[in-house]
Every structure is written in C-alpha cells, then in structure tokens.
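>>> predicted model follows, preceded by the sequence.
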Amino acid sequence: MLNLVLFGPPGAGKGTQSEKLIRRYDLVHLSTGDLLRSQIAAGTELGLRAKQLMDQGLLVPDEVVIGMIDCKLRENQQAAGFIFDGFPRTVPQSEALDSLLVEYNTQITTMVALVVEDEELIRRLLKRGETSGRPDDQDEVTARRRVSVYNRETIPVADYYNQQGKYIAIGGIGEIDMIFETICQQIEAVATKKA
Ligand code: ADP
C-alpha cells in the first residue's frame, strides 16, 4: 500500500495536490477538514460542536477526528492506499494513526510536507475566502490564528515522522504542476527504496 501523509500549514495547497495525487496513484482521500465540513452540512451534533471551534480557527478534539478516520479506514479496506490530508494535526493523532494502521497490517509510507512562509499563507487564505464561503477563511484574525495553531500544535507532527525517517519537505511556492511532479519524484524514490 501507498499511504501518504500530506502535511503543511493551512493554505499550503494540500487540497490541490491531494486531488492530483489521488488520480495518479488511485488513492482514497481522507481529509478531516472535508469530513468535518460534511458533518456541519448534514447538521449533525458532531458537526455543530466542531463548527464552533473550526470557525475560530481552533482544532477540534483529537478523539473526534481519530474516530472519523477509524471509521473511514474500516469502510475502505480494499483501497490501494490512502492520502491523509489535514490529519494527523497533533502528536496524539499521529500515534493513534500509527496504531490504527498496524491493525490493517500497514503503515505510513512517507510524509510529504509542503513548505510555505506564513505571510504567503495569510494572503492565500484571505484570497480563498473571497470564493470558498468558509467562515475560517474570512478574516485576518482567524487566518493568523490558524497559522499560529499550526506552528504551535501541528509542527511537532513533522518531527514525529522525521524521527521515523519518513519526512520529505517540498517547497510549496511555484507552479502547481511543477510542485506536483516534484512530489511524485520524491514519493517514487521512497517507494522504490522500500520495494
Ligand atoms: P486547512 O488545511 O485550510 O487548514 P482543513 O480543511 O484541513 O483546512 O481544516 C479546517 C479546520 O478543521 C481546522 O482549522 C480545524 O478546526 C478542523 N480540523 C481539520 N482537521 C483536523 C484535525 N486533524 N484535528 C483537529 N482539527 C481539525
């Protein structure tokens, strides 16, 4: 299996690159942000509770997102692999993911981290807010809070995979297709080494 963690701050381009990776490698896309937004759209109790935190740019509790991922892994046992997008976002989430994958006799192949500087992220989030309709993209205070939550709570996830020798950093500024090809080259280098 090819199991990728696509990592990076809000606005780094994870969603865009995920779509391309899914098509090239036939992976199942697991985006906790998308899963949470569909709970909100469906008006579930989980969605209502998550929305209050998401709209402020704060993280939802670990057990909520871990539960959603557990459920999706169970539903997709025949998959050729997974792309985890926006998850794990904390070290406890990373540990939980590793344990879940062991249950399915698999593991993370590699993390691909998209690197973009903070001010560019703020610009991108506010620009996306013009069309996305996402409450958390609308104002600069929330955009900055999301970037600082990332720097404080999520960056340690990169160290977690780095310690396992599973960390690849790729510049996330430039042409979308160029970034995509760089990601693919790096993934294939890792996959060949493991094979
Ligand atoms: P972006 O990549 O632009 O930040 P996401 O769609 O990944 O957007 O996430 C939007 C919001 O959903 C986050 O700010 C957070 O509130 C919540 N969220 C998504 N994934 C997680 C997660 N793994 N752990 C905690 N909260 C999450």
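Great, that's in hand.
>>> can you tell me which residue of the chain sits closest to the ligand?
For the chain, the residue closest to the ligand is residue 33, as judged by CB to the nearest ligand atom, at 1.8 Å. No exception for glycine: its C-beta is placed from N, CA and C like everyone else's.
>>> do you have the helices of the chain handy? List them.
With DSSP state H as the criterion, the chain has helices at 14-25, 32-42, 45-55, 62-75, 91-103, 118-132, 140-149, 155-163, 176-194.
>>> redo those as TSV? Include mean neighbour count and mean pLDDT.
Conversion of the helices of the chain to TSV gives the following (neighbours: other CB atoms under 10 Å; pLDDT from 0 to 100):
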stretch	mean neighbour count	mean pLDDT
helix 14-25	17	96
helix 32-42	16	97
helix 45-55	15	96
helix 62-75	16	97
helix 91-103	16	97
helix 118-132	15	95
helix 140-149	17	96
helix 155-163	16	97
helix 176-194	14	93
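>>> can those go into a markdown table with extra columns for distance to residue 5?
Converted to a markdown table, those look like this (distance: least, CB to CB, whole Å):
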| stretch | distance to residue 5 |
| --- | --- |
| helix 14-25 | 10 |
| helix 32-42 | 12 |
| helix 45-55 | 21 |
| helix 62-75 | 12 |
| helix 91-103 | 8 |
| helix 118-132 | 19 |
| helix 140-149 | 18 |
| helix 155-163 | 7 |
| helix 176-194 | 11 |
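>>> relative to residue 170, which of those is closest?
Taking CB to CB, helix 176-194 is the member of these nearest to residue 170, at 5.4 Å.
>>> report the angle between the closest one and helix 14-25.
Put simply, helix 176-194 runs at 60 degrees to helix 14-25, going by axes from the mean of the first three to the mean of the last three CA atoms, to 10 degrees.
>>> what helices or strands is helix 176-194 leaning on?
The contact analysis (3 or more CB pairs under 8 Å, 6 or more residues apart in numbering; DSSP states H and E) places helix 176-194 against strand 2-7, helix 14-25, strand 110-115, strand 167-171.
>>> starting at the chain centroid, how far to it?
Relative to its parent chain, helix 176-194 has a centroid offset of 17 Å by CA atoms, centre = their mean, to the nearest Å.
>>> now for residue 109, how many residues are close by?
18 (other CB atoms under 10 Å).
>>> so who does it touch?
Counting by CB atoms under 8 Å, 6 or more residues apart in numbering, residue 109 makes contact with 1-4, 81, 166, 187, 190-191, 194.
>>> mind putting these in TSV, distance to residue 99 included?
Converted to TSV, the contacts of residue 109 look like this (distance: CB to CB, whole Å):
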residue	distance to residue 99
1	16
2	20
3	14
4	18
81	18
166	16
187	24
190	22
191	23
194	21
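>>> which residue, other than its chain neighbours, is closest to the residue of the chain closest to the ligand?
Among residues not flanking residue 33 along the chain, residue 86 sits closest, at 4.5 Å (CB to CB, 6 or more residues apart in numbering).
>>> does any part of stretch 156-165 sit near the ligand?
No: Stretch 156-165 stays clear of the ligand (CB under 6 Å from any ligand atom), getting no nearer than 9.5 Å.
>>> kind regards, and thank you for your time.
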